[in-house]
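Visitor: quick one, fold the following:
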Amino acid sequence: MARITIADSELAFECGTDDSLLRAGLRANLNLPYECNVGSCGTCKFELVSGEIKVLSDTAPGLSERDRKKGRQLACQCLPLTDCVMKVRLEEDAPAKFPPTRLKVKLIKVTDVTHDIREFQFQAVSPATFIPGQYAMLQLPGVSGERAYSMSNLPNDDGVWSFMIRRVPQGVGTQVLFDALTLGDEIGLDGPFGKAYYRSESARDLVCVAGGSGLAPMLSIARAWSQKSKSGEEHLTFFYGGREPRDICGEEMLQQLPEFNQQLQFVPSVSGAVSDATNPWSGRTGFIHEVMHGFEDLDYANSDFYIAGPPVMTQAVIDFLRESHAVPQERIYFDRFF
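Guide: Down below sits the predicted model:
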């Protein structure tokens, strides 16, 4: 066990040689900066002041050439070999309610959602503790490294963790999930992670924007919103974008919430090929940020925005909110996945 000290502070934490600096710091309830947890976003950059580390990936896209020349590292990609001192700026907001924990979970149910999205349910022996909107890292058999997937259900004492996962062509992780994993199989789960979790204390309207398997965290947030005590004036608008009509999903799940078609509105859109004889579509078309632009019912000045989906979609929505409606950063919540 290595002792990791934050430079120019009295803060320190213990980190095993099989744990990343980032995750060990989060387990110690330190508010280290991060988003993706897999070396892509670059949010968890730090400088190693002293000590030795093992770098999991020398080519992680989260580091630029300039970063590498300056000796910066990614906390999510570094394991300690000795005691270390790291220079990093902690984030100012409060740490997440539930520090991440390593668990063993068993696959108990698989359900088709669309032609390429399935819901996988896993059972743990302890309660499933997380905040809606967060994600977990899954360690799959025969797969190098872990995969980040967001929970679609609500936290529960039954220990059930549900994930809606889209099959990625040539994706090693989803190939195992879709084609190799069988009911009763056990995998590793580490979580929860993520800072784009639902702020239930807000009384503002809620806008969820999702694409692909980004449906999962947005559905979890919608379910939590439905359960909370509301004034009766709060509304949720749920945008969902897909390339083809057969990609659109989520409405059946949202219909189970009592606010559906009253305080809760589902707004799907197709951006690519539309209706043919076998795949009809008569709804909205266009990229989801374009649909939002033409949607007149949103109160941009009095809404919180949660976004999950492909990076290009996420960035387009963020740019639209900032540039067209001056929505402040503190009311836009998202985690970057690549």
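
Visitor: burial measure for Ala316, as a count.
Guide: For Ala316, the tally of surrounding residues (other C-beta atoms under 10 Å) stands at 20. All C-beta atoms are positioned from the backbone trio N, CA, C, and that covers glycine.

Visitor: for it, identify the helix or strand it belongs to.
Guide: Ala316 is part of helix 311-325, with elements assigned from DSSP states H and E.

Visitor: one more: Cys208?
Guide: strand 205-211.

Visitor: and the nearest residue to Pro310 once chain neighbours are set aside, how many neighbours?
Guide: By the measure of C-beta to C-beta, 6 or more residues apart in numbering, the closest residue to Pro310 outside its immediate chain neighbours is Gly211, 5.6 Å from it. The burial count assigned to Gly211 is 26, neighbours taken as other C-beta under 10 Å.

Visitor: ok, what's across the strand from Gly211?
Guide: Judged by DSSP bridges, the bridge partners of Gly211 are Gly241.

Visitor: helices or strands next to the helix holding Ala316 in the packing?
Guide: Applying 3 or more C-beta pairs under 8 Å, 6 or more residues apart in numbering; DSSP states H and E, we find helix 311-325 packed against helix 288-293, strand 303-308, strand 332-334.

Visitor: go with 6 Å
Guide: Contact partners of helix 311-325 among helices and strands, from 3 or more C-beta pairs under 6 Å, 6 or more residues apart in numbering; DSSP states H and E: helix 288-293, strand 303-308.

Visitor: which of those sits closest to Leu138?
Guide: Proximity of the helices and strands packed on helix 311-325 to Leu138 was assessed by C-beta to C-beta; the nearest stretch is strand 303-308, lying at 17.0 Å.

Visitor: please state the mean pLDDT value computed over that closest one.
Guide: Looking at strand 303-308 alone, the average pLDDT works out to 97.

Visitor: just stretch 263-277 next, same as before
Guide: Per-region confidence: stretch 263-277 scores 86 on mean pLDDT.

Visitor: tabulate the CA atom coordinates of that stretch in PDB.
Guide: What follows is stretch 263-277 as a C-alpha-only set of coordinates in PDB (Å, rounded to 0.1, in the frame of the first residue of the first chain):
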ATOM      1  CA  GLN A 263     -45.500  17.300 -16.700                       C
ATOM      2  CA  LEU A 264     -43.200  14.900 -18.700                       C
ATOM      3  CA  GLN A 265     -42.900  15.200 -22.500                       C
ATOM      4  CA  PHE A 266     -40.900  12.800 -24.700                       C
ATOM      5  CA  VAL A 267     -39.400  14.400 -27.800                       C
ATOM      6  CA  PRO A 268     -37.600  11.900 -30.200                       C
ATOM      7  CA  SER A 269     -35.900  12.800 -33.400                       C
ATOM      8  CA  VAL A 270     -34.200  10.900 -36.300                       C
ATOM      9  CA  SER A 271     -31.200  12.500 -37.900                       C
ATOM     10  CA  GLY A 272     -30.500  10.100 -40.700                       C
ATOM     11  CA  ALA A 273     -32.500   7.900 -43.100                       C
ATOM     12  CA  VAL A 274     -36.200   8.100 -42.400                       C
ATOM     13  CA  SER A 275     -39.200   6.100 -43.100                       C
ATOM     14  CA  ASP A 276     -39.500   3.200 -45.400                       C
ATOM     15  CA  ALA A 277     -42.000   0.400 -45.600                       C
END
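
Visitor: buried stuff in it?
Guide: Neighbour counts over stretch 263-277 (16 or more other C-beta atoms under 10 Å) mark 263-271 as buried.
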